[in-house]
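Student: attaching a predicted model along with its sequence, questions to come.
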Amino acid sequence: MSHERPLILLTNDDGPHSEGLRVLAERLQSLGELFLVVPATEVSACSHHITMHSPLHPSRLPLKGWPGFVVNGTPSDCVKLAILELLTRRPDLILSGINPGSNLGTDILYSGTVAAAGEGALVGIPSIAVSLDCARKRVGPEDFMPAAEFALSVARDLLSHPLPKGTFLNVNVPHGVPGALKPVVTRQGGSGYRESYDKITDPRGRVHYWLAGEMVYETNGPGSDCDAVRSGCISVTPLQYDLTNHEFMKNMEQWPCLEA
Ligand code: MN
């Protein structure tokens, strides 16, 4: 048995200067050896995008005291490159975040934070995405503390309780709730928005569309991730990337076009 300290890869979709990343690193350093590989600039909402048509070049992480790299790519690029090239051994854990802004319901399909943890799960490494349910940019280091604290407990559990194959965790922490936060296991909710575009005409007469809309959370019932966070609880959802509708497969086999 190895007596090495666990190797923990940290990443995010907000770049190296994110407060959420720094607070997470500071809180997790007691648990193991940290290595940070993050996008060079903010690439939020890039989902599982990977860079295929241009080269990636890592450069030294501009954060004093932390080992790692910034990469001119996405969170998924960072995880792949870290595992295949930059790390000297396979990480025991991957943490992504802490994202300033929740990743709940169908938002997780667009999230770079969640995709980084998903990338880890695809290669069989226990992975956690951590997000803080806050209005973006209006948060300081102390706001991330409860999320970092909970991330540490989950990370500690993951080192002794393996996840099923292909499974990873999506953690969302409410903001500004006084006292101890109650964690609950949740399912992924539905869409949290009523979407629309703001239509803008520029001085040269060209029309532009800017994605807007408002949060609604109407489609989320009890037990959902959105519901938990709105009730002031920490939401923990086990996610997986098998998008197959297994129940419906049998039904589809009755369709004339699919009959043998
Ligand atoms: Mn982000």
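Tutor: Received it, and whenever you're ready, just let me know what you need.

Student: C-alpha from now on. contacts and neighbour counts both.
Tutor: Will do.

Student: need the helix or strand of the chain with the lowest average pLDDT.
Tutor: When the helices and strands of the chain are compared on mean pLDDT, DSSP states H and E, strand 214-215 comes out lowest with a mean of 78.

Student: and whichever residue of the stretch 151-260 of the chain sits closest to the ion, which of the three is it?
Tutor: Nearest residue of the stretch 151-260 of the chain to the ion (CA to the ion) works out as residue 172 at 13.0 Å. Each residue gets one of three states, and residue 172 gets strand by DSSP: H, G, I helix; E, B strand; the rest coil.

Student: okay, now it: neighbour count?
Tutor: The burial count assigned to residue 172 is 30, neighbours taken as other CA atoms under 10 Å.

Student: residue 227 is in contact with that one, correct?
Tutor: No. Applying CA atoms under 8 Å as the test, residue 172 and residue 227 come out as separate, 11.2 Å apart.

Student: what's in contact with stretch 81-100?
Tutor: Stretch 81-100 is touched from outside by 6-14, 20-21, 24, 37, 113-114, 116-117, 120, 125-137, 139, 144, 147-148, 155, 159, with contacts defined as CA atoms under 8 Å, 6 or more residues apart in numbering.

Student: buried residues, it. List them.
Tutor: Residues of stretch 81-100 classed as buried by neighbour count (16 or more other CA atoms under 10 Å): 81-83, 86-87, 91-100.

Student: and those, which is closest to the ion?
Tutor: Nearest to the ion out of these is residue 99 (CA to the ion; 5.0 Å).

Student: quick one: what helix or strand has that closest one in it?
Tutor: For residue 99, the host element (DSSP states H and E) is strand 93-100.

Student: got the phi/psi numbers for residue 24?
Tutor: Dihedral pair for residue 24: phi -60, psi -40, per degrees, to the nearest 10.

Student: and the closest residue to it other than its chain neighbours, what does it touch?
Tutor: Of all residues beyond its chain neighbours, the one nearest residue 24 is residue 148 (5.0 Å), with distances taken as CA to CA, 6 or more residues apart in numbering. Residue 148 makes contact with 23-24, 27-28, 98, according to CA under 8 Å, 6+ apart.

Student: what about residue 63, how many residues nearby?
Tutor: Other residues near residue 63 number 13, with proximity taken as other CA under 10 Å.

Student: now it: which helix or strand?
Tutor: Short version, using DSSP H and E: residue 63 is in no helix or strand.

Student: tell me the contacts of it?
Tutor: When contacts are taken as CA under 8 Å, 6+ apart, residue 63 is in contact with 16-17.

Student: give me the pLDDT for residue 195.
Tutor: The score at residue 195 is 87. That number is its pLDDT.

Student: I'd say it and residue 216 touch.
Tutor: No. In this structure, residue 195 is not within contact of residue 216 by CA under 8 Å, at 9.7 Å.
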